[in-house]
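*Asks:* Provide a 3D model corresponding to the input given below.
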Amino acid sequence: MTHNDNDAVGKGSNTQEQIDFVDLLLQLWRSKRTIAIFVVVALITAVVYLSVVKEKWTSTAVITMPDAGQITGYTNAMSLLNGTSTADINDIQQRVIGRFNAAFSALSETLENQQEPEKLTIDSAVRGQPLPLKLTYQGDSAENAQKTLAQYIQQVDEQIADELNLDLSVNIKSRTNELVALLATQEKVAQEQKDLRLKQISAALKVAQEAQIKTPQVQQTQEVTQDTMFLLGGEALESMIKNESSRPLVFPDNYYQMRKNLLDIARLKTDPANMHSYRYVMKPNLPVRRDSPKRALTLILAILLGGILGSGYVLTRNALRNYQPKA
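*Replies:* Residues are numbered from 1 along each chain as shown. Purely as a prediction, here's the structure:
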C-alpha cells in the first residue's frame, strides 16, 4: 500500500469516527424525552431519600482545666487534711480535668456501643497539646445536638463532683480516725507519766516516813534526784502528792495542734454543687451547616446519574435494534 493509500484510509477512519460520534449525539437528542424521564425519576428518588434520611448536625464545645475558684472548697479541704498551708492547685487542676477526660471518654464508648449508637467524641483541640479539649456530639437537629452535648458535659461534671466529694469524705474519715488514735496515744502516755510521777513521790514519802524526816534536809531542791527525793521531808512530799493528783495532764505542743486540726476537719462540709471539673473556652455551639445529607450535592448527583442511566438505556436499545447478525 502506498503513502497516498494510507492517508486515504486514515481520513476515512476519522470521518467514520466523526460520523459515529455525531450519530450518537443525534440518537441521544432524538431520545431526549426518554433521558429526561430517567433524570426525573432519579430526582424524585433523591427527593424521597432527602425527605426520609436522618439529618446529622454536629455541635462543638471547647473546655480546659477548672479555675482555682471552681475547686476552692476541695483545695482548702485537701490542704487541711494534708496539714499544709496551701495545696498544689495546679496539680489538683490537672488531676481533675484528667478525671473528666477519662469519664467523658468512657461515656463516649458507652453511647457508641448501645443499640442506637450516639456519636460523642473528645479530643485535643490543639494538635500535640493536652489542653484544651474539644467535645462534639452529632444529633438529628442543630438544637438537639447543642442541647444534648451540654447535658452530657453537665452529667460528667456532676459525676466527677460526686466522685471528688466521695474521695474527700473517705479522706476526712481516714484522717479523723488517724488524729483520734494519735491523740488517744498521747493522752495515754501523759496519764502513764502522771501515774509514774505519783508512784515515785509516794515511794519517797514512804521512805521519809520510815526515816522520820518531816522537814526538808536539802537547801537546793534542783539537786534532788529520784533516789534522794525523800530528803524533801514528809510534809513537802504529801503536798506534792496532793498537787500532782489535781494537776492536769501535760501534753506536748503538737497535741494541741492535732486537736485544732481535728476540730477544723470536723467542721468541713463539702458541697458537690460548688465543685466543677472544667471551664468552658467555648460553650456548645448551634451548628449552621448539617453534616449530611448534602441536598445540593445529592440533587446534582441524581441529575448526573439519571442522565447517564438514560443515555445508556437509549444507546443500548438503539444498538440492539440496529444489530444485524452476520450471514
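
*Asks:* now the residue positioned nearest the centre of the chain: how far from P132?
*Replies:* Nearest residue to the geometric centre of the chain (CA atoms, centre = their mean): F100, 1.0 Å. F100 sits 12 Å away from P132 when distances are taken as CB to CB, to the nearest Å. C-beta coordinates here come from the backbone N, C-alpha and C atoms, glycine included.

*Asks:* find residues that contact each of the two.
*Replies:* I63 (CB atoms under 8 Å, 6 or more residues apart in numbering).

*Asks:* returning to that earlier point: ok, now how distant is the residue nearest to the centre of the chain from Q151?
*Replies:* 15 Å.

*Asks:* that older thread, for the residue nearest to the centre of the chain, list the residues it contacts.
*Replies:* Contacts of F100 by CB under 8 Å, 6+ apart are 63, 156-157, 160, 277-278.

*Asks:* which pLDDT value goes with it?
*Replies:* Per-residue confidence (pLDDT) for F100: 94.

*Asks:* could you confirm it falls within a helix?
*Replies:* Yes - counting by DSSP: H, G, I helix; E, B strand; the rest coil, F100 falls inside a helix.

*Asks:* in this protein, which spans are strands?
*Replies:* Taking DSSP state E as the criterion, the chain carries its strands at 57-64, 119-124, 133-139, 279-282.

*Asks:* using JSON lines, lay out the ones you listed together with distance to F104 and mean neighbour count.
*Replies:* Formatted as JSON lines, those follow (distance: least, CB to CB, whole Å; neighbours: other CB atoms under 10 Å):
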{"stretch": "strand 57-64", "distance to F104": "9", "mean neighbour count": "20"}
{"stretch": "strand 119-124", "distance to F104": "5", "mean neighbour count": "16"}
{"stretch": "strand 133-139", "distance to F104": "7", "mean neighbour count": "21"}
{"stretch": "strand 279-282", "distance to F104": "14", "mean neighbour count": "14"}
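
*Asks:* could you dump those to JSON lines with mean pLDDT and distance to K173?
*Replies:* Formatted as JSON lines, the strands of the chain follow (pLDDT from 0 to 100; distance: least, CB to CB, whole Å):
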{"stretch": "strand 57-64", "mean pLDDT": "93", "distance to K173": "32"}
{"stretch": "strand 119-124", "mean pLDDT": "93", "distance to K173": "33"}
{"stretch": "strand 133-139", "mean pLDDT": "93", "distance to K173": "33"}
{"stretch": "strand 279-282", "mean pLDDT": "93", "distance to K173": "30"}
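
*Asks:* of those, which is nearest A184?
*Replies:* Closest to A184 of those, according to CB to CB: strand 279-282, at 43.8 Å.

*Asks:* would you quantify the distance from the closest residue to S292 other than its chain neighbours to P248?
*Replies:* Excluding the flanking residues, the one nearest S292 by CB to CB, 6 or more residues apart in numbering is K56, at 4.9 Å. Going from K56 to P248 by CB to CB gives 76 Å.
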